[in-house]
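Q: 3D, please:
(one chain, ligands or ions: 2)
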Amino acid sequence: MNVPVPQAPRTVLVTGSARGIGRATAARFGREGARVVVNHPPGERGFAQETAELVTAAGGTPLVVEADVADPDAVTAMARTVHDTWGSLDVLVNNAGICPFADFFDIDVALWDRVQHVNLRGVFLVTQAFTRAMVEAGRGGRVLSVSSISAWVGGSQQVHYCTTKAGISSLMKSLAIVLGPHGITCNAVLPGAIATDINKDDWTDTAKVDYFRSRIPVGRMGEPADVAGVLWLLSQPESAYMNGSDVLVDGGMFVNLQ
Ligand SMILES: NC(=O)C1=CN([C@@H]2O[C@H](COP(=O)(O)OP(=O)(O)OC[C@H]3O[C@@H](n4cnc5c(N)ncnc54)[C@H](O)[C@@H]3O)[C@@H](O)[C@H]2O)C=CC1
Ligand SMILES: C[C@H](O)[C@@H]1OC(=O)[C@H](O)[C@@H]1O
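A: Numbering: from 1, shown residues only. Ligands and ions are numbered 1, 2, ... in the order given. As a prediction, this is how the structure comes out:
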C-alpha cells in the first residue's frame, strides 16, 4: 500500500510531554498547526498545562490527558478520550520514560518492574491501543518511539534502563512488519546525552559531564529540540520508506571511540 500523505492538521500524541524531550516535541508539532495530545502521569498536570500553552503559542491545538503509560486501564481511557475528541492519530510518539540510576545490587524487583513497565510495557500498551484505530482509519501514519544510545551500550547504573531501550528498538522492528502493510511505519530514535531532568542529578558529576562532552564531536550536549526536530522529520512524507530503522541523535557520541 502506498503511504498516503498525512493531511493537515495532523493529530499527534506525544507520551510524557509534560517536560523535556516530549515537551519540545509537542511544541514542534504545534508549529505545523497540529492537534497535539499532551500526555502526563498523575501529579504533573501543571507541567503539562505549561506544555499546552507552548503548543498553542506555536500555532497548534493541545489536548491535555493524564495517563500513566504503565497502567493498562489508564491507557485504554486515554485512547477513548482521544478517539472521542479527535478520532484516530496520524502520528504516535512514544516518549515517556524514566531512568532512576541505581547500582545493580541495589535494584529490587519493584524498581526493575517499574522501569520495565513505564519504559517498555508502556510503549507496547500505547502503541497497541492507538494503532488499532489507525489501522481501521486507513490513513496510514507514523509510530516513532524514543529509545536511546543506551539500546546499543550499557550503563553500570542503568542495568534496568538499558534493557528497556533495547526492547523498544526491537519492538519497533516487529511492529514495522505488522503495521507496514497498513501504511503505518515504525521507527526508533536513539538520543545520546540530552540536557533534561532525567539527567539532572547524574550530571552534578562534573567529571562525567566533561567526559561526555569530550566524546561528542560536535562539542556540546544535546538539547530537547535536537531530538524534537528529528522526530518531526521522521513524521514527514519524505520519510515514508523508513520502516524499522534506528536513528541515532547523539552528535557523534556513539561512534567516537578513538
Ligand atoms: N535525556 C537524555 O539524555 C535521553 C533521554 N532518552 C529518553 O527520552 C525520553 C524522554 O526523557 P527526557 O525528556 O530526557 O526526560 P524527562 O525526565 O525530562 O521527561 C520524561 C517525561 O516522561 C514523563 N513520564 C514519566 N513517567 C511517565 C509515565 N509513567 N506515564 C507518562 N509519562 C511519564 C514525565 O512526565 C516527563 O514528561 C525517555 O524515554 C528517555 O529514556 C533517551 C536517550 C537520552
Ligand atoms: C538517562 C541517561 O543519562 C541518558 O538517557 C539515556 O538513554 C542515555 O543513557 C543518556 O545518557
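
Q: Show the contacting residues for the residue in the stretch 51-200 of the chain positioned nearest to ligand 1.
A: Ranking the residues of the stretch 51-200 of the chain by distance to ligand 1 (CB to the nearest ligand atom) places G97 first, at 2.3 Å. Quick note: C-beta positions are derived from backbone N, CA and C, even for glycine. Residues near G97 by CB atoms under 8 Å, 6 or more residues apart in numbering: 16, 118-119, 146, 164, 198.

Q: Which members of those occur in strands, if any?
A: When the contacts of G97 are checked against strands (DSSP state E), the matches are V146.

Q: Kindly reformat the contacts of G97 as JSON lines containing pLDDT and neighbour count.
A: Output for those, formatted as JSON lines (pLDDT from 0 to 100; neighbours: other CB atoms under 10 Å):
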{"residue": "G16", "pLDDT": "99", "neighbour count": "27"}
{"residue": "V118", "pLDDT": "99", "neighbour count": "22"}
{"residue": "N119", "pLDDT": "99", "neighbour count": "26"}
{"residue": "V146", "pLDDT": "99", "neighbour count": "27"}
{"residue": "T164", "pLDDT": "98", "neighbour count": "27"}
{"residue": "I198", "pLDDT": "98", "neighbour count": "18"}
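
Q: Quick check: which element contains A188?
A: Under the assignment given by DSSP states H and E, the secondary-structure element containing A188 is strand 184-191.

Q: Tell me the confidence at the closest residue to V118 other than its chain neighbours?
A: On the basis of CB to CB, 6 or more residues apart in numbering, the spatially nearest residue to V118 that is not a chain neighbour turns out to be A70, at 4.7 Å. pLDDT recorded at A70 is 98.

Q: Confirm that A70 sits in a helix.
A: No: secondary structure assignment (DSSP: H, G, I helix; E, B strand; the rest coil) places A70 in coil, not in a helix.

Q: Can you report how many residues lie near it?
A: When neighbours are counted by other CB atoms under 10 Å, A70 registers 22.

Q: was I right about it contacting G122?
A: Yes: with contact defined as CB atoms under 8 Å, A70 reaches G122; the gap is 5.1 Å.

Q: Can you confirm whether the strand holding A188 lies near ligand 2?
A: No: in this structure, strand 184-191 remains apart from ligand 2 according to CB under 6 Å from any ligand atom; the gap is never smaller than 6.6 Å.

Q: Restricting to C-alpha, output that strand in PDB.
A: These are the backbone C-alpha positions of strand 184-191, laid out as PDB (Å, rounded to 0.1, in the frame of the first residue of the first chain):
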ATOM      1  CA  ILE A 184       1.900   2.800   9.200                       C
ATOM      2  CA  THR A 185       5.700   3.000   9.600                       C
ATOM      3  CA  CYS A 186       7.500   2.300  12.900                       C
ATOM      4  CA  ASN A 187      10.900   3.700  13.800                       C
ATOM      5  CA  ALA A 188      13.100   4.300  16.800                       C
ATOM      6  CA  VAL A 189      15.000   7.400  17.700                       C
ATOM      7  CA  LEU A 190      18.100   6.900  19.800                       C
ATOM      8  CA  PRO A 191      19.200  10.100  21.600                       C
END
